[in-house]
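A.B. asks: following is a predicted model, sequence given first.
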Amino acid sequence: MASMASTFSKLSHHLPHSSTSISPPKTPSLYGHSPKTTLSFSASIQSYATITFCKRNEKISPLVVSAGVRHLTGSLTRTEGLRFAVVVARFNEVVTKLLLDGALDTFKKYSVREEDIDVVWVPGSFEVPLVAERLGKLGKYHAVLCIGAVIRGDTSHYDAVANSAASGVLTAGLNSGVPCIFGVLTCDDLDQALNRAGGKSGNKGSEAALTAIEMASLFEHYLK
Ligand SMILES: Nc1c(NC[C@H](O)[C@H](O)[C@H](O)CO)[nH]c(=O)[nH]c1=O
Ligand SMILES: CC(=O)[C@@H](O)COP(=O)(O)O
């Protein structure tokens, strides 16, 4: 802590009087997200106050009034005790199985235990939201990851299923109060879908699992 104080106090010589921020130690970055700054303090605050703000693991209410701005972000590394449900649509199973594999690999990589994950299969993406909301309301899970693949056909059926899945998953989260993550592909053809299920455009199931971990952690550690 002494060396932290001296680092900050040295830095403060170079800081303007207005509020500024210091980056925290790097955590694994999310797809499309850069590691975010989570600590902020004013240059006018002396080192003692700075040390107080740096004790990130302390159980302090986020609503405590302080001279520093608190930036709250879910952690990808504090996954102990987090439980997840995954709802997967069987329609276009050749794609959704790959998305699920990607999600499960990611949970494993981030130390989520297998016994803390339940996978629930449903017929199609249209059925995903109802089940997601029920799972959220059970109060057993910190996040519900929704997986599906809607692929355009000849009629407007695609729009009905894709839009229902998207707004339904949003509603499931809002109604249950548990983060419901949208891992449903909406693609023009099978190639596009396979490219996003472990092909050349990555694996969206894996990316959605990262989002689920971050949101679960945010809720568990700061928003309850
Ligand atoms: N066409 C796709 C569907 N259609 C099925 C619906 O999701 C639903 O199961 C049916 O309308 C009965 O309610 N589902 C997908 O996941 N992907 C599609 O491309
Ligand atoms: C979701 C779809 O568009 C597809 O499965 C339905 O195909 P179609 O529009 O040709 O009936």
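C.D. replies: Arrived safely, thanks for sending. Ligands and ions are numbered 1, 2, ... in the order given.

A.B. asks: do a quick rundown of the helices in this structure.
C.D. replies: Counting by DSSP state H, the segments of the chain that form helices are 2-12, 47-54, 93-109, 128-137, 157-176, 190-195, 204-222.

A.B. asks: show me what the shortest one is packed against.
C.D. replies: It stands for helix 190-195. helix 93-109, strand 143-151, strand 180-187 (3 or more C-beta pairs under 8 Å, 6 or more residues apart in numbering; DSSP states H and E). C-betas here are computed from N, CA, C, even on glycine.

A.B. asks: out of those, nearest to ligand 2?
C.D. replies: For the helices and strands packed on helix 190-195, distance to ligand 2 was read as C-beta to the nearest ligand atom. The smallest value, 5.4 Å, belongs to strand 143-151.

A.B. asks: show me what the closest one is packed against.
C.D. replies: By 3+ C-beta pairs under 8 Å, 6+ apart, strand 143-151 packs against strand 84-89, helix 93-109, helix 128-137, helix 157-176, strand 180-187, helix 190-195, helix 204-222.

A.B. asks: so where's the chain uncertain?
C.D. replies: 1-66 (pLDDT under 70).

A.B. asks: residues contacting the closest residue to ligand 1 within the chain?
C.D. replies: Evaluated by C-beta to the nearest ligand atom, the chain has G124 as its residue closest to ligand 1, separated by 2.3 Å. With contacts defined as C-beta atoms under 8 Å, 6 or more residues apart in numbering, the neighbours of G124 are 89-91, 148, 161.

A.B. asks: most surrounded residue in those residues?
C.D. replies: G148 (29 neighbours; other C-beta atoms under 10 Å).

A.B. asks: partner residues bridging that residue?
C.D. replies: For G148, the beta-bridge partners under DSSP bridges are V184.

A.B. asks: right, and it touches F91 too?
C.D. replies: Yes - between G148 and F91 there is a contact under C-beta atoms under 8 Å: 7.1 Å.

A.B. asks: residues shared between the contacts of those two?
C.D. replies: 124-125.

A.B. asks: burial measure for E80, as a count.
C.D. replies: 9.

A.B. asks: tell me the buried residues in stretch 159-172?
C.D. replies: Across stretch 159-172, burial judged by 16 or more other C-beta atoms under 10 Å covers 161-162, 164-166, 168-169, 171-172.

A.B. asks: whoops, stretch 190-197 was the one
C.D. replies: 192-197.

A.B. asks: before we move on, the earlier item: tell me the phi and psi of the residue of the chain closest to ligand 1?
C.D. replies: phi -150, psi 180 (degrees, to the nearest 10).

A.B. asks: distance of it from I147?
C.D. replies: 12 Å (C-beta to C-beta, to the nearest Å).

A.B. asks: quick one: common contacting residues for the two?
C.D. replies: Common neighbours of G124 and I147 (C-beta under 8 Å, 6+ apart) are A89.

A.B. asks: my read: D105 touches E207, true?
C.D. replies: No - the criterion here is C-beta under 8 Å, and D105 misses it with E207 at 11.6 Å.

A.B. asks: neighbour count winner among the two?
C.D. replies: E207 (20 against 15).
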